[in-house]
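A.B. asks: pasted the sequence and its predicted model underneath.
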Number of protein chains: 2
Amino acid sequence: MLNSDLKINQKPSLVDQVEEKLLTYFREKSLKPGDTLPGELALKEALGVGRSVLREALSRFRMVGLLESKPGRGMILREPALFNGLERAMNPHLLSEGKLLDLLGFRLIIELGAVDFIFDNVTEQDIEELEQIVENQVVYENNRFSPQSDYDFHVRLLSIANNESVKQFQHILYPMFEFAKDNFQVFFEKYREKHSGEELVSHNQLLEYLKLGKKEAYRKAMKKHLDIYFQLIKPKK
Amino acid sequence: MLNSDLKINQKPSLVDQVEEKLLTYFREKSLKPGDTLPGELALKEALGVGRSVLREALSRFRMVGLLESKPGRGMILREPALFNGLERAMNPHLLSEGKLLDLLGFRLIIELGAVDFIFDNVTEQDIEELEQIVENQVVYENNRFSPQSDYDFHVRLLSIANNESVKQFQHILYPMFEFAKDNFQVFFEKYREKHSGEELVSHNQLLEYLKLGKKEAYRKAMKKHLDIYFQLIKPKK
DNA sequence: TAGTTCTGATTGTCTGACAAACTATATTAC
DNA sequence: GTAATATAGTTTGTCAGACAATCAGAACTA
């Protein structure tokens, strides 16, 4: 009765144990992508468990792309798709407000932290494509963009940083922002009302600073461009 | 024969399909943590698959903490542990050099992007604890720290940003840096040889800037402190 | 030698069975 | 009538067996 409320002292299931054992097996053997694994029968025998338990553990590896298997051929290890697991868990309804705000903050950190990389790597073509995006974007009022335009611009920006993992992460994070716009609608409206007089920082302006190589001005502008989110996550502390 | 090399055109397994269907089911019903799921028998019936297939899909959810189940009670949804899947996939031997360098870059982005948050939130106690860490740290030579000391300092630093998810992410990333030190040993030695005359930026110095509230100086110092990693990932472009 | 067939191995899926743990109801004792 | 107990049913955890689909390699044949 007490144990059912406290998550502590919850002994790991057989599947958990098998998963753990297999992972340490991979590590200790320093297996590399392309290496083959023993068959299920051999593994189940070596681990002393039923095939179903083994397969439930292996299924987890398949989800993260760590394992690939074909009938008649066997199983081979693959380079895992790092964020597959994250993507499954990214359900705004299942996340607490704290975690949700954390994730919003995570994106802000990325957007600011990538500045140096972006300015180091930016090319003519990046500028040209960004200009085209800015030109074609759908603007509502007072420099607010349609979700798609906003997404396109920021994804293209971040792609300059030349870091596929960060880009993927940002992509997975994006739905949280759409959810936040609904979920914290009251806050958003209040914020906009309060700052109705001020000029917001537009994508055009960010792009201008990037073109001119004004890094610090860009950083400040980006902070202002995303200020509404900075203010949103601030009170939680 | 051709199909075996190309990953394209690989039809998803039944388990994959069931996983997908369940996820959309969770979303469409807007299920929240604590909500109970139908039993396995009912689900397997509704989905038209065997219990083993269903359980292999459910096992994936258990890995990311999205699902919790106890014999005799049933299954309930939980707030997922976002980075569980990432942690399993974080095996340096299984990652390509490109992905590995991406991850190193990811940390650099975080470390720089968190600067604003750190300076906004830093308290007296943060400073005190950081001073204690710096005082007790194990230094090798020329301001190089033991892995543990280095880890302690940077984790404590990032904790000021008050973002649990980012902190967790950094923690999961850390083993990649230890691996990189071994894997790119030649590069590291060359770098240190080349810069043997220069003074490296120490933790003490970073802390000093933080104490004085000199944000821009801190940002530059942090870039220099981590310069060896910036240089390591640079050539890949 | 080249092509074909056969055999065995391997994964994917289904079904059935039983144990363990829990819920709810029914029963009994007072 | 109430409280304690016993019982039955439900649900998850695990195992075992079976069969289909697929593939690799050996054996065989022309």
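C.D. replies: Noted; the coordinates are in hand.

A.B. asks: with adjacent residues omitted, what lies nearest to the closest residue to chain B within chain A?
C.D. replies: At 1.4 Å from chain B, A:Gly85 is the closest residue in chain A, using Cβ to the nearest Cβ. In this view, the C-beta of every residue, glycine as well, is placed from N, C-alpha and C. Taking Cβ to Cβ, 6 or more residues apart in numbering or on different chains, and ignoring the residues beside it in sequence, A:Gly85 has B:Gly85 as its nearest neighbour in space, at 1.4 Å.

A.B. asks: can you tell me the element the one you found falls in?
C.D. replies: Following DSSP states H and E, the helix or strand that holds B:Gly85 is helix B:84-89.

A.B. asks: show me which residues of the helix or strand that that helix is followed by are buried.
C.D. replies: Once the chain leaves helix B:84-89, the next helix or strand it forms, by DSSP H and E, is helix B:97-113. When burial is assessed from 16 or more other Cβ atoms under 10 Å in any protein chain shown, helix B:97-113 yields the following buried residues: B:99-113.

A.B. asks: and stretch A:226-237, by the same measure?
C.D. replies: By neighbour count with 16+ other Cβ under 10 Å, stretch A:226-237 contains the buried residues A:226-230, A:232-233.

A.B. asks: give me the mean pLDDT for that stretch.
C.D. replies: Stretch A:226-237 shows a mean pLDDT of 85.

A.B. asks: then stretch A:196-207?
C.D. replies: Mean per-residue pLDDT for stretch A:196-207: 86.

A.B. asks: can you tell me the distance between the two ends of it?
C.D. replies: Stretch A:196-207 has its terminal residues 23 Å apart, counting by Cα to Cα, to the nearest Å.

A.B. asks: that one near chain B anywhere?
C.D. replies: No: if you take Cβ under 8 Å from any Cβ of the partner chain as the test, stretch A:196-207 misses chain B, and the best it gets is 15.5 Å.

A.B. asks: stretch A:149-169 now?
C.D. replies: Yes: under the criterion of Cβ under 8 Å from any Cβ, chain B is reached by stretch A:149-169 at A:161-166, A:169.

A.B. asks: ok, back up a step: which of the buried residues of stretch A:226-237 sits closest to DNA strand C?
C.D. replies: A:Ile233 (37.8 Å; Cβ to the nearest atom of the strand).

A.B. asks: can you report phi and psi for A:Ser69?
C.D. replies: Dihedral pair for A:Ser69: phi -150, psi 140, per degrees, to the nearest 10.

A.B. asks: if you could redo that for A:Ser96, that was the one I meant.
C.D. replies: phi -70, psi 160.

A.B. asks: what average pLDDT does the helix or strand hosting A:Ala42 get?
C.D. replies: Per DSSP H and E: A:Ala42 is located in helix A:40-47. In this model, helix A:40-47 has an average pLDDT of 96.

A.B. asks: what's the first helix or strand after it?
C.D. replies: In N-to-C order, the element after helix A:40-47 by DSSP H and E is helix A:51-63.

A.B. asks: for the nearest residue to A:Leu54 once chain neighbours are set aside, give its distance to A:Leu37.
C.D. replies: The spatial neighbour of A:Leu54 that comes closest, neighbours along the chain excluded (Cβ to Cβ, 6+ apart), is A:Lys44 at 4.7 Å. In this view, A:Lys44 and A:Leu37 are 12 Å apart by Cβ to Cβ, to the nearest Å.

A.B. asks: A:Leu101 and A:Arg107, how far apart?
C.D. replies: In this structure, A:Leu101 and A:Arg107 are 11 Å apart, going by Cβ to Cβ.

A.B. asks: got the phi/psi numbers for the residue lying closest to A:Ser146 once chain neighbours are set aside?
C.D. replies: Excluding its sequence neighbours, the residue lying closest to A:Ser146 (Cβ to Cβ, 6+ apart) is A:Val138, at 3.9 Å. Main-chain torsions, A:Val138, degrees, to the nearest 10: phi -90, psi 120.

A.B. asks: enumerate every residue touching A:Val138.
C.D. replies: Contacts here follow Cβ atoms under 8 Å, 6 or more residues apart in numbering or on different chains; on that basis A:Val138 touches A:145-146, A:148-149.

A.B. asks: again, only using 7 Å
C.D. replies: A:Val138 is in contact with A:145-146, A:149, counting by Cβ atoms under 7 Å, 6 or more residues apart in numbering or on different chains.

A.B. asks: next one: A:Thr24
C.D. replies: Counted by Cβ under 7 Å, 6+ apart, A:Thr24 has zero contacts.

A.B. asks: which one is the spatially most central residue of chain A nearest to, not counting chain neighbours?
C.D. replies: The centroid of chain A falls nearest to A:Phe169 when counting by Cα atoms, centre = their mean (2.7 Å). Setting aside the residues directly before and after it, A:Phe169 is nearest to A:Phe83 in space (Cβ to Cβ, 6+ apart), at 6.2 Å.
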